[in-house]
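Student: Need a 3D model of the sequence below.
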Amino acid sequence: MIEESLYRNFLIEKCDFDSSHDLNHIERVVNSAKVISRAEGGDPDIIIASAWLHDCVILPKNSPDRPKASTLAADKARSFLQTTSFPKSKIDKVEHAIKSHSYSGDIAPQTIEAKIVQDADRLDALGAIGIARCFMVGGRLDRPLYEPEDPFCESREPDDSLYTLDHFYQKLFRLPDLMNTDCAKKMARNRVDFMKSYLNQLRTEI
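Tutor: Below is the predicted model:
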């Protein structure tokens with residue numbers, strides 16, 4: 001296994017981030033991937049490399065090319081890994097894990113390593129950090145926090161292109177059922193429970 005500092009230095013030197021997909025996000029995904037891997041297995045070389053490099057290319061959420069971001073990141077990661085001592089026989093699996101991690105990319109993960117990296121990335125959209133990241137993105141896109149007549153989508157279909165809070169209902173609360181591994185499902189459900197308690201508090205304040 002190559003030193004993780006090599007991945008970190010590559011990201012700092014060669015990659016551009018946004019505020020919700022920064023080095024801190026990547027380190028959280030790496031840590032979650034390690035936790036899930038301890039419960040579910042998989043090749044640590046592939047999991048750790050894929051988790052570190054999964055967002056080495058970032059495109060804005062509202063970019064029409066957004067679905068291509070994970071493929072571009074996989075290509076960039078492959079080029080980088082070929083210059084290192086990383087086992088050449090494992091690069092294809094890293095490339096697949098990075099391509100399939102993205103929600104918008106709509107590529108199904110086929111290996112346990114890819115499933116773990118996808119789960120770890122999706123976990124970072126949930127819980128306290130998920131709330132913070134969601135609001136950061138909404139602010140960057142200049143979207144209102146909520147629809148004033150029905151903030152919690154009780155009598156309308158959510159539309160997160162219009163209101164930031166709608167993203168909870170349109171996507172985030174669906175993520176626990178979309179997790180690949182039992183370990184991640186449990187972690188995701190705990191985080192969603194916290195998010196729902198936050199919404200209860202928000203309801204009283206509104």
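Student: helices and strands around the longest helix seen in the chain, which ones?
Tutor: What stands out as the longest helix in the chain, according to DSSP state H, is helix 182-205. Judged by 3 or more CB pairs under 8 Å, 6 or more residues apart in numbering; DSSP states H and E, the packing partners of helix 182-205 are helix 23-40, helix 112-123, helix 127-140, helix 175-178. From N, CA and C alone the C-beta is placed, and that goes for glycine too.
Student: How far away from the center of its chain is the last one?
Tutor: Yep, that's helix 175-178 we're talking about. Its chain's C-alpha centre and that of helix 175-178 lie 13 Å apart, by CA atoms, centre = their mean, to the nearest Å.
Student: so what does that helix touch, helix or strand wise?
Tutor: When contacts are defined as 3+ CB pairs under 8 Å, 6+ apart, helix 175-178 packs onto helix 182-205.
Student: Next, the buried residues of the helix it packs on.
Tutor: By neighbour count with 16 or more other CB atoms under 10 Å, helix 182-205 contains the buried residues Cys183, Ala184, Lys185, Met187, Ala188, Arg191, Val192, Met195, Leu199.
Student: Look up how far Asp55 lies from the spatially most central residue of the chain.
Tutor: Note on the chain: the residue nearest the mean C-alpha position is Asp121, at 3.1 Å, using CA atoms, centre = their mean. Counting by CB to CB, to the nearest Å, the separation of Asp121 from Asp55 is 8 Å.
Student: ok, now Val35?
Tutor: Counting by CB to CB, the gap from Val35 to Asp55 is 19 Å.
Student: ok, the two, which is more surrounded?
Tutor: More crowded of Val35 and Asp55, by other CB atoms under 10 Å: Asp55, with 24 against 15.
Student: nearest residue to the more buried one other than its sequence neighbours?
Tutor: Distances taken as CB to CB, 6 or more residues apart in numbering put His21 closest to Asp55, at 5.1 Å, once the chain neighbours are dropped.
Student: Quick check, that neighbour in contact with Val57.
Tutor: No: the pair His21 / Val57 is not scored as a contact, 10.0 Å apart, by CB atoms under 8 Å.
Student: overlap in contacts of the two?
Tutor: Counting by CB atoms under 8 Å, 6 or more residues apart in numbering, His21 and Val57 have no common neighbour.
Student: So which of those two has more stuff around it?
Tutor: His21 (24 against 20).
Student: distance of that one from Asn190?
Tutor: In terms of CB to CB, His21 sits 23 Å off from Asn190.
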